[in-house]
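[1] what shape does this take:
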Amino acid sequence: TVFEGELAGMLLALDIIRTLPLSTHRATILLDNQAAVKAVRARRNRPGQYLVDAFHREVTSLMRRRHAFRLHIAWVPGHMDVAGNELADTHAKLAAEEDETEHGIAVLQDALPRSAAAVKAAYKHSVAAQ
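    Numbering: from 1, shown residues only. Purely as a prediction, here's the structure:
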C-alpha cells in the first residue's frame, strides 16, 4: 500500500541519515502522507505496524550513536511544488520497480509481506471491473 511504501521510505531515509557526517546534529524527514506521520508519532496497532516498529528500532539505534542528534518528522502537502517532494516521489516509484535496493535496514532485506488492505482493495477493484 502507499502507507507501507511511505513507512519503508522513512526507514530508507534513516539509512541515509546514518551515513551523514557525525557533525550533522539534526535532520528532517518530510512526508506527504499524514497517516504515516501519525503512525510513527502515536504507536498503536495498525496495518504495517511491523514497519512502524522497525522505524522506532532504527531511530533508537541512531540516537545511541548520535546522542545530541535531533530528528524531526513533518507532513507536507503532496504535489504542491514542495522542493524535493516530486523528486522523492519519482525516486520512490523507481525504487518500487527495482528488485533490489542496497541499504542496511534488516526488515527491508526481504520482500514485504502482502498487505491485507492491498489484497482487499485489489479484490474490490477486480469485482468492480467485472
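
[2] give me phi/psi at the nearest residue to residue 65 once chain neighbours are set aside?
    Spatial nearest neighbour of residue 65, chain neighbours left out: residue 18 (7.9 Å); criterion: Cβ to Cβ, 6 or more residues apart in numbering. Placement of C-beta: from N, CA and C, glycine included. Backbone torsions for residue 18, taken as degrees, to the nearest 10, come to phi -60, psi -30.

[3] distance of residue 18 from residue 128?
    43 Å (Cβ to Cβ, to the nearest Å).

[4] of the two, which one has the most company?
    Using other Cβ atoms under 10 Å, the more surrounded residue of residue 18 and residue 128 is residue 18, with 15 against 7.

[5] wouldn't the more buried one be in contact with residue 63 here?
    No - using Cβ atoms under 8 Å, residue 18 is not in contact with residue 63, being 11.2 Å away.

[6] so where's the protein uncertain?
    For the chain, applying pLDDT under 70 flags the ranges 1, 43-47, 79, 82-83, 91-119.

[7] at 90 what do you get?
    1-20, 22-24, 29-59, 61-69, 74-130 (pLDDT under 90).

[8] now the helices: where do they sit in it?
    Secondary structure of the chain by DSSP state H: the helices cover 2-18, 34-41, 49-65, 85-97, 116-129.

[9] would you mind getting the angle between the third one and helix 2-18?
    I take that to be helix 49-65. Helix 49-65 runs at 10 degrees relative to helix 2-18, counting by axes from the mean of the first three to the mean of the last three Cα atoms, to 10 degrees.
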